[in-house]
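>>> Show me the folded form of this:
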Amino acid sequence: MEIDVLTLFPQIFTGALSESILGRALEKQLVQVNLLQIRDYTADKHRTVDDLPYGGGPGMVMKCEPLYAAWEAAKTRNPGLPARTILLSPQGAPLRQEKLEEWGRALPGNTRLILICGRYEGVDERFIEECVDEEVSLGDFVLTGGEIPALALIDGLVRLLPGVLGNQESTAGESFSSGRALLEYPHYTRPPEFHGQRVPDVLLSGDHAKIAKWREGQRLERTRQRRPDLLAHKNGELVVNPRSLW
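Now for the predicted structure:
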């Protein structure tokens, strides 16, 4: 898999991409992340990437020209590999596990992602209309830029790739996995008792059918308590709300 990141602050990525699971995935060449400094694609001596908004208003707007030049360089670097361009923006659709799984199935060997990290008040709309395939948000809040959302997207996507986690079954029952939009069941490990709290007896029973049933019930109950917006009632039963899936 290849991921190109267009950013004004590539140093934000270097630490995170060198540690833990992401670092090992890069070392094993299971994924390639290319960081492009947008200022390198400016044409003036001041390396200008932003300007005042037409019509007035606060802040600055990212200019079309350097963004387009950086985007074109990323897209043509490997012309045989189709690229999908994503702008990290609070105006985008919320990033969901189902979308990460979709990209994970489609990307290896077939295509790649170009991530645009917005800054300031936003990006010139003409660049978005011409170059961006979709906009993605982490949620209903605003950050100083798209770098942290881009890192979150990379982390969530890369860990789904074959060989990254070693045991791919470890992602099967996670929160929101497989498009079910349910939270994960609670986990326990040794010792069997801690500060007067015991591990549920069913987990010590060795009965895998009972354990699976208990875990499924816990997923549904935990989702009902913490994220009722993910559920709906159908024929008197709680089911996954189709509107919670993207």
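
>>> Asp44: neighbouring residues, count only.
8 (other Cβ atoms under 10 Å). All C-beta atoms are positioned from the backbone trio N, CA, C, and that covers glycine.

>>> same deal with Tyr188?
Counted with other Cβ under 10 Å, Tyr188 comes out at 13.

>>> And the pLDDT for it?
Per-residue pLDDT puts Tyr188 at 97.

>>> Which strand in this structure has the most residues?
strand 83-94 (DSSP state E).

>>> who does it touch, helix- and strand-wise?
In terms of contacts (3 or more Cβ pairs under 8 Å, 6 or more residues apart in numbering; DSSP states H and E), strand 83-94 is packed against helix 64-77, strand 112-117, strand 134-137, helix 147-158.

>>> and the next element down the chain from it?
helix 97-106 (DSSP states H and E).

>>> what comes up buried for that following helix?
By 16 or more other Cβ atoms under 10 Å, the buried positions in helix 97-106 come out as 97-101, 103-104.

>>> cool, stretch 55-65 as well?
Buried residues in stretch 55-65 (16+ other Cβ under 10 Å): 60-64.

>>> Now distance to Ile86 too, for the residues you listed, in TSV please.
As requested, the buried residues of stretch 55-65 are exported to TSV (distance: Cβ to Cβ, whole Å):
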residue	distance to Ile86
Met60	22
Val61	19
Met62	15
Lys63	20
Cys64	18
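
>>> Relative to Gly139, which of those is nearest.
Met62 (21.7 Å; Cβ to Cβ).

>>> before we move on, back to that, tilt between the longest strand of the chain and helix 97-106?
With axes from the mean of the first three to the mean of the last three Cα atoms, to 10 degrees defining the directions, strand 83-94 sits at 170 degrees from helix 97-106.

>>> What is the neighbour count of Thr223?
24.

>>> right, I mislabeled it, should have said Ile116
For Ile116, using other Cβ under 10 Å, the count is 28.

>>> One more: the one 3 residues further on?
The burial metric for Arg119, expressed as a neighbour count using other Cβ under 10 Å, is 20.

>>> Going forward, count from 327.
That works, and once the first residue is 327, the last one we named lands at Arg445.

>>> which residues touch the residue nearest the centre of the chain?
Compute the mean C-alpha point of the chain, and by Cα atoms, centre = their mean the closest residue is Leu479, 2.2 Å away. Contact partners of Leu479, counting by Cβ atoms under 8 Å, 6 or more residues apart in numbering, are 412, 414, 421, 426, 441, 462.

>>> pLDDT score assigned to the residue of the chain positioned farthest from its centre?
Farthest-out residue of the chain from its mean C-alpha position, per Cα atoms, centre = their mean: Gly522, at 38.4 Å. Here, the pLDDT recorded for Gly522 equals 97.

>>> again with Trp429
Per the predicted model, pLDDT is 85 at Trp429.

>>> now Val565
66.

>>> Mean neighbour count, the helices and strands packed on strand 409-420: which tops it?
For the helices and strands packed on strand 409-420, the largest average neighbour count (mean count of other Cβ atoms under 10 Å) is found in strand 438-443, namely a mean of 24.
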